[in-house]
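Asks: Fold the following.
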Amino acid sequence: MSQKGEFHQHLVDAIRVNTSRKPFYAKITNGRSKILSNLLIASEYLLLPTAHYYGVKARSFNKQGIGIVDSDFASMADISPPETPPKYRNIASKDSLKLFYLTLKQFKAEALNDARQADFISIAKKAEQVLIEIKSAEKSAEAHYAMSIHLVESIGISALHSVIYAKQSQQQTVPLSTKLLKSQLGAISPLIVMAEKKIQSMHQLGAGIIVNEAPHIPFVSRYNEYLEGKMTEVIRLTPKH
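Replies: A predicted model of the protein is given here:
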């Protein structure tokens, strides 16, 4: 386990990856991706104190073998190479982007209500449903929504794991799980639409930025395992160091 926790380590690794890939994407886009790379790296730096906070709050549970926070963030080890071209290269229409954000906005409102009631499995169910909608919108517009998909998958896996943590801790992890999920849901804002549109414009130029840097989160497969009664414990998303 990283000294400051896997959430913190995930951000440190993301900063390293995005910094190292910045010149490559800038070359493909004639420098147009630089501002996006800079904003992405800056946002990751700004999140480091938050990640450290959650790592500290989770430590006592982690020492008991309950993986809250520490088992919820994916490794950057298996991301795609920067040379990988984006599958889709379109920029979604204004109407498509508006509908996309309304979908996310509704998900956020309903999931926040579920979080207040510690109804974690309901959040996971809604995350699975909204992922289907976003991926359908991607296919229809032939435009990626990679950042949003990564965020919703992260929310979904945290919610799903929270069900297990609550059972393992006799409900003691519930307040921390609720707080973490509220923080994650807080990232859904109109800014995400602006970011997706900018990212899509880089995809149009052939740079697979964000698509290539989003690690695989096995939320959907694990959610299905849970529904089938096969998921009884949390499997770490990042191997132990």
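
Asks: From the contact counts, what lies against the top helix by length along the chain?
Replies: Assignment by DSSP state H gives helix 34-62 as the longest helix of the chain. Under the contact definition 3 or more CB pairs under 8 Å, 6 or more residues apart in numbering; DSSP states H and E, helix 34-62 sits against helix 6-28, helix 174-185, helix 190-204. Quick note: C-beta positions are derived from backbone N, CA and C, even for glycine.

Asks: which sections of this structure are below the confidence cut-off?
Replies: Residue ranges of the chain with pLDDT under 70: 1-3, 235-241.

Asks: switch the cut-off to 50
Replies: 1, 241 (pLDDT under 50).

Asks: middle-most residue in it, spatially?
Replies: Residue closest to the average C-alpha location in the chain (CA atoms, centre = their mean): L151, at 2.9 Å.

Asks: That residue: what secondary structure?
Replies: helix (DSSP: H, G, I helix; E, B strand; the rest coil).

Asks: Then A92?
Replies: Going by three-state DSSP, the secondary structure assigned to A92 is coil.

Asks: how close does it get to H203?
Replies: Distance from A92 to H203, counting by CB to CB, to the nearest Å: 11 Å.

Asks: And for P23?
Replies: Separation of P23 from H203 (CB to CB): 18 Å.

Asks: Comparing these two, which residue is more hemmed in?
Replies: Higher neighbour count among P23 and H203: H203, with 24 against 12, using other CB atoms under 10 Å.

Asks: With the flanking residues excluded, which residue is spatially nearest to the more buried one?
Replies: With sequence-adjacent residues excluded and distances taken as CB to CB, 6 or more residues apart in numbering, H203 is closest to P86, at 4.0 Å.

Asks: quick one: S162 and G206, what's the gap?
Replies: Applying CB to CB to S162 and G206 gives a distance of 39 Å.

Asks: These two: which has the busier surroundings?
Replies: Neighbours around S162 and G206, counted as other CB under 10 Å, are more numerous at S162. The numbers are 26 against 12.
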